[in-house]
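**Student:** kindly return the folded structure for what I paste below:
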Amino acid sequence: MLDQDIVGFVFSVIIGIVGIGYCSHGRKNNPYYLLSGIALLLLPFFVDQFWWLLALGCLLMVLPFLLDR
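**Tutor:** Numbers count the residues shown, from 1 in each chain. As a prediction, this is how the structure comes out:
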């Protein structure tokens, strides 16, 4: 099994990449994506436990779709 620190680091990088995509999309089209992207970029700095990072990251990735309806 992989070490949880390595998995947490990889997931933090993935969250950051999605955050960059949401920020670039949000600057042009929708402010919900911009705010969610900023939150996704800052999330790994404040959350250090893997399961909280996973849960909050998934919530922030889905939130713009729910608010955009």
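**Student:** give the contact list for L53.
**Tutor:** 8, 11-12, 15, 43-44, 47 (CB atoms under 8 Å, 6 or more residues apart in numbering). The way it works is simple: take the backbone N, C-alpha and C, and place the C-beta from them, glycine included.
**Student:** mind doing that once more with 7 Å?
**Tutor:** Counting by CB atoms under 7 Å, 6 or more residues apart in numbering, L53 makes contact with 8, 11-12, 43-44, 47.
**Student:** ok, which stretches of this structure are strands?
**Tutor:** With DSSP state E, there are no strands along the chain.
**Student:** lowest average confidence, helix or strand, in it?
**Tutor:** Lowest by mean pLDDT, DSSP states H and E among the helices and strands of the chain is helix 4-28, with a mean of 90.
**Student:** flag every buried residue along that helix.
**Tutor:** 8, 12, 15-16, 18-19, 22-23, 26 (16 or more other CB atoms under 10 Å).
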